[in-house]
Structure formats: C-alpha cells, structure tokens
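1. sequence and predicted structure below; questions after.
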Amino acid sequence: MKQFLIIVLLVAVTFAGNSFAADLETQDEQLSYIIGMDIGNSLKQQGAPIDLESLFQAIEAVYTGAEPAISPEQAAAVREAYIAERRAAMEAERAEAATANAAEGEAFLAANASNEGVVTTESGLQYLVMNEGDGPTPAATDRVRVHYRGTLLDGTEFDSSYSRGEPATFMLNQVIPGWTEGLQLMPVGSKYQFFIPSDLAYGPNGSRSIAPNATLIFEVELLGIEGDE
C-alpha cells in the first residue's frame with residue numbers, strides 16, 4: 001500500500017504542471033481523482049459487478065470513520081458467497097468449452113486422416129512429412145534442438161521458437177506425449193507437421209494459453225540431437 005501511494009504521488013507531481021479539468025483545481029482534488037482512476041481500472045479489470053453509489057457510500061463511511069452499513073462478518077459471508085458463485089460459473093464455462101473443443105478436435109482429426117500424406121499412428125497422433133532429413137532419429141531420453149510453431153485449429157499461433165528468434169532445446173521425455181512420440185519418428189534435418197489430439201497434448205486441464213481438450217497443430221524442424229553433434 002505504501003508503495004502504491006508513493007507511485008500515485010509521483011504521478012500527481014509529474015502532472016501537476018499540466019492542465020486539468022476545471023473542477024480539479026487543487027492538488028488534493030487532482031490526487032483524489034488519480035486514486036479514483038486507479039481504483040476504477042482495478043475494479044474494471046477484475047470484472048466484478050459494481051454499484052457505484054454503494055461503493056462511494058462505503059468509501060465515505062470508512063474514510064470518515066462512520067459506522068459501515070455491513071458488519072465485517074456480513075462482508076466476509078457475502079464475499080465468500082460471491083467467490084463461490086464465480087468459481088462455479090467459471091468451472092461450468094470451462095466444462096462447456098472442454099466438451100465443445102473435444103468434439104471439434106475429433107471432427108477435425110477424422111477429416112484430416114484422409115488428407116494426402118497424413119499418417120495416423122496407433123495412439124491417434126497424426127503427422128505429415130514436409131521434408132525428410134537423413135540424420136539419426138532421437139530416443140525419448142535424448143535432448144533435442146528444434147524450431148517449431150504451434151497453432152490452434154483456427155490458426156491462432158500460441159507459441160513459436162521462430163518468433164523468439166532461437167531454437168528450443170529440451171529433453172524429449174519432458175514434453176507433451178504427442179511431441180515425445182512424434183519427434184522419435186523424425187530423422188535430424190526433417191520438418192514434420194503434427195496434429196496432436198488433446199489426450200496427447202494438455203488434455204482437459206489445458207494450460208495458460210491452451211483451452212481444455214484443445215487439438216493442436218505443430219510444424220517442427222528437428223535441428224539436432226545433443227551429444228550426436
């Protein structure tokens with residue numbers, strides 16, 4: 001809190017020489033407005049349903065030392081109920097998205113399996129050879145160096161070593177199962193396209209940038225196997 005107030009004061013000093021609206025003539029008015037802007041931005045980002053009149057009443061009561069309309073015990077109960085409702089709503093939305101993504105992925109893979117050059121393995125992994133190299137193939141316990149680009153079914157890119165400007169290096173048995181299986185099929189120097197079912201990717205939990213039960217598409221270049229170079 002102390003750090004927040006220091007930042008606010010610095011902002012106030014920075015803008016003190018600039019023109020403000022006619023009803024913000026004093027530094028106290030300007031500083032109060034800036035604090036209000038910060039609070040408003042924070043509340044907007046949280047997405048909580050806010051009744052501004054009630055909010056202002058609470059701020060005034062606490063700041064002036066008046067008796068709040070809601071006791072601390074009541075406040076805790078209301079807060080807990082709201083959090084529980086929001087958690088349930090988010091879980092329902094996530095479950096609905098997982099069901100839709102699973103159906104979309106199954107339909108895509110079923111259609112993709114008949115495309116020219118696409119091979120489907122016993123696990124359900126699909127791949128397309130874009131360029132076949134002539135080097136050795138890695139084992140699951142090898143550390144490999146790759147360039148890759150990952151997209152969702154709608155073409156949205158969620159990760160790319162190309163965008164970062166440098167290859168990625170990792171142990172092959174420490175990535176998603178679709179990668180562990182798929183890269184073992186690739187001779188060094190190859191470029192493959194992988195179509196990875198959700199159960200070989202991030203499954204029903206998803207990840208920070210991957211929705212639950214999402215089917216993923218990767219273009220992968222196997223540049224080398226560490227220790228063989």
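-> Yes, it's here.

2. please, where are all the strands along the chain?
-> According to DSSP state E, the chain carries its strands in the segments 118-120, 126-131, 143-151, 157-160, 168-171, 191-196, 216-225.

3. quick one: distance of the longest one to the chain centre.
-> Between the mean C-alpha point of strand 216-225 and the mean C-alpha point of its chain there is a distance of 22 Å (CA atoms, centre = their mean, to the nearest Å).

4. need the contact partners of that strand.
-> Defining contact as CB atoms under 8 Å, 6 or more residues apart in numbering, one finds that strand 216-225 is touched by 130, 133, 135-136, 138, 142-153, 167, 178-179, 182-183, 186-196, 198, 201-202, 210. Any C-beta I mention is one placed from the backbone N, CA and C, and that applies to glycine too.

5. rewinding a little: quick one, which of the strands of the chain gets closest to Ala75.
-> Ala75 lies closest to strand 157-160 among the strands of the chain, at 39.8 Å (CB to CB).

6. which strands and helices sit next to the closest one?
-> For strand 157-160, the packing partners by 3 or more CB pairs under 8 Å, 6 or more residues apart in numbering; DSSP states H and E come out as strand 143-151.

7. in its sheet, what does the strand it packs on sit against?
-> Take DSSP bridges as the rule and strand 143-151 pairs in its sheet with strand 157-160 (antiparallel), strand 168-171 (antiparallel), strand 216-225 (antiparallel).

8. using CSV, write out every CA atom in the longest one.
-> The C-alpha trace of strand 216-225 is given here as CSV (Å, rounded to 0.1, in the frame of the first residue of the first chain):
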residue,chain,number,x,y,z
LEU,A,216,-3.0,-28.7,-31.5
ILE,A,217,-1.1,-28.3,-34.7
PHE,A,218,2.7,-28.0,-34.8
GLU,A,219,5.3,-27.5,-37.5
VAL,A,220,8.5,-28.9,-36.2
GLU,A,221,12.1,-28.9,-37.5
LEU,A,222,14.5,-31.3,-35.8
LEU,A,223,17.8,-29.5,-36.0
GLY,A,224,19.9,-31.8,-33.9
ILE,A,225,20.3,-34.3,-31.0
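
9. between the strands paired with strand 143-151, which gets nearest to Glu60?
-> strand 157-160 (45.9 Å).

10. list the buried residues in that closest one.
-> Burial within strand 157-160, assessed by neighbour count using 16 or more other CB atoms under 10 Å, is assigned to Asp159, Ser160.

11. identify the residues contacting Phe195.
-> For Phe195, the contacting residues are Phe108, Leu109, Asn112, Val118, Leu125, Gln126, Tyr127, Leu128, Thr215, Leu216, Ile217, by CB under 8 Å, 6+ apart.

12. measure the third one to Ala95 for me?
-> With distances taken as CB to CB, to the nearest Å, Asn112 is found 26 Å from Ala95.

13. coming back round to it: out of the contacts of Phe195, which are buried?
-> Among the contacts of Phe195, the ones that count as buried by 16+ other CB under 10 Å are Phe108, Leu109, Asn112, Leu125, Gln126, Tyr127, Leu128, Thr215, Leu216, Ile217.
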